[in-house]
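Novice: The sequence and its predicted three-dimensional model are supplied below.
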Amino acid sequence: MSEHSPFPAGLLAAAGLNRQHVFDLAALPAAITATLGTTAGFRQLILLGHGGKRLWECVEAAGGAGDDPIDDYCARVVADWFSTELPGHRYRIVYPGSAPVSLQRLGALAGWHHPTPFMVGIDREWGPWWAYRAVVLADTTFCHSQAVDRGSPCTGCRARPCVTACPAAAMDGGSFALEQCIAYRQRDESRCQHTCLARVACPVGSEHRYEDEQVRHAYSTSLDAIRRCR
Ligand code: SF4
Ligand code: SF4
């Protein structure tokens, strides 16, 4: 690979990992590199995300089995990508994994992260229907990505339907009351056991809204995690 070669995004995008950002490892804030574990021999940090429905379609087409079918699938895609496009290159997947890497801090550096009132990130194209999927250390020499700057759609949203849609009134105080949301979600009659009504109410990028099954998977998984911690 030559110095600063273009990023070969095709296989990743086709597999549903359609958001990519390449960081120069040496230029990252120390507070972030400290969360990555040993970085010896690596030059770049690659942030991968998905926007819209494509990833879930691919996960289902691949069989969708296991406790965490999305994470398992993404790890396989990254491995396939390196073996196909980058044979001989070293990499290590930092996320998913146990490293305490801050996805939102990386997202902010990439220009991806703008918080909604319910704290999920929002994007002008994808609305709230996107997510971080992998963080990968690599010994690659791709051109470094420029941060995107698309601003926050929430800034000009006067109606704020997400706020009024929340049955726990978790945003009525002007900031997000996480404990109110969590307490409501655990109630037997909760309408947020398998979804977030605030997220669904946001009109931005609604054409990219996940299929019901993906929404159910995401919120069932998070509710299980909440119940395990309580
Ligand atoms: S409904 Fe408006 S305020 Fe709420 S997340 Fe969407 S754009 Fe932001
Ligand atoms: S999951 Fe439900 S309670 Fe929590 S913020 Fe979303 S709409 Fe509100």
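Specialist: Structure received. Ligands and ions are numbered 1, 2, ... in the order given.
Novice: near ligand 1, which residues of this protein show up?
Specialist: Residues of the chain lying close to ligand 1 by C-beta under 6 Å from any ligand atom are 116-117, 122, 153-154, 157, 160-162, 202, 204. Placement of C-beta: from N, CA and C, glycine included.
Novice: change it to 8 Å
Specialist: The chain comes close to ligand 1 at residues 116-118, 120, 122, 127-128, 152-154, 157, 159-163, 198-199, 201-204, as judged by C-beta under 8 Å from any ligand atom.
Novice: From what I see, Cys23 and Leu109 are in contact.
Specialist: One correction, residue 23 is Phe, not Cys. Yes - here Phe23 lies in contact with Leu109, judged by C-beta atoms under 8 Å, at a distance of 7.1 Å.
Novice: Which of the residues of the chain next to ligand 1 fall in helices?
Specialist: Counting by DSSP state H, the residues of the chain next to ligand 1 place 161-163, 198-199, 201 in helices.
Novice: could you pick out which of those are near ligand 2?
Specialist: Restricting those to those touching ligand 2 (C-beta under 8 Å from any ligand atom) yields 162, 198-199.
Novice: before we move on, back to that, which of the residues of the chain next to ligand 1 are buried?
Specialist: In terms of neighbour count (16 or more other C-beta atoms under 10 Å), the buried residues within the residues of the chain next to ligand 1 are 116-118, 120, 122, 127-128, 152-154, 157, 162-163, 198-199, 201-202, 204.
Novice: What pLDDT does the model give the nearest residue to Ser190 once chain neighbours are set aside?
Specialist: Closest residue in space to Ser190, ignoring its immediate chain neighbours: Tyr184 at 5.7 Å, by C-beta to C-beta, 6 or more residues apart in numbering. Tyr184 is assigned 98 on the pLDDT scale.
Novice: ok, now the one 3 residues further on?
Specialist: The per-residue pLDDT reported for Arg187 equals 97.
Novice: So what's the residue count around the nearest residue to Thr33 once chain neighbours are set aside?
Specialist: With sequence-adjacent residues excluded and distances taken as C-beta to C-beta, 6+ apart, Thr33 is closest to Thr39, at 6.2 Å. By other C-beta atoms under 10 Å, 16 other residues sit near Thr39.
Novice: my guess is Thr39 is in a helix, correct?
Specialist: No - for Thr39, which was evaluated using DSSP: H, G, I helix; E, B strand; the rest coil, the result is coil, with no helix membership.
Novice: Pull the contacting residues for it.
Specialist: 25, 33, 137 (C-beta atoms under 8 Å, 6 or more residues apart in numbering).
Novice: quick one: which of those has the most company?
Specialist: Among the contacts of Thr39, the one with the most neighbours (other C-beta under 10 Å) is Leu137, at 24 neighbours.
Novice: Quick check: it vs Gln214, distance?
Specialist: Using C-beta to C-beta, to the nearest Å, Leu137 is found at 28 Å from Gln214.
Novice: does Trp12 belong to a helix or a strand, and which?
Specialist: Wrong residue type there; residue 12 is Leu, not Trp. Secondary structure from DSSP states H and E places Leu12 in helix 10-14.
Novice: For that helix, name the packing helices and strands.
Specialist: helix 69-85 (3 or more C-beta pairs under 8 Å, 6 or more residues apart in numbering; DSSP states H and E).
Novice: With just CA atoms, put the helix it packs on into PDB.
Specialist: As requested, the backbone C-alpha atoms of helix 69-85 are provided in PDB (Å, rounded to 0.1, in the frame of the first residue of the first chain):
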ATOM      1  CA  PRO A  69     -25.600 -11.100  15.800                       C
ATOM      2  CA  ILE A  70     -24.700  -7.600  14.800                       C
ATOM      3  CA  ASP A  71     -21.300  -7.500  16.600                       C
ATOM      4  CA  ASP A  72     -20.400 -10.900  15.400                       C
ATOM      5  CA  TYR A  73     -21.300 -10.000  11.800                       C
ATOM      6  CA  CYS A  74     -19.300  -6.800  11.900                       C
ATOM      7  CA  ALA A  75     -16.300  -8.600  13.200                       C
ATOM      8  CA  ARG A  76     -16.500 -11.000  10.300                       C
ATOM      9  CA  VAL A  77     -16.900  -8.200   7.800                       C
ATOM     10  CA  VAL A  78     -13.800  -6.500   9.200                       C
ATOM     11  CA  ALA A  79     -11.800  -9.700   9.000                       C
ATOM     12  CA  ASP A  80     -13.100 -10.400   5.400                       C
ATOM     13  CA  TRP A  81     -12.200  -6.800   4.400                       C
ATOM     14  CA  PHE A  82      -8.600  -7.100   5.700                       C
ATOM     15  CA  SER A  83      -8.100 -10.500   4.100                       C
ATOM     16  CA  THR A  84      -9.600  -9.400   0.800                       C
ATOM     17  CA  GLU A  85      -8.400  -5.800   0.500                       C
END
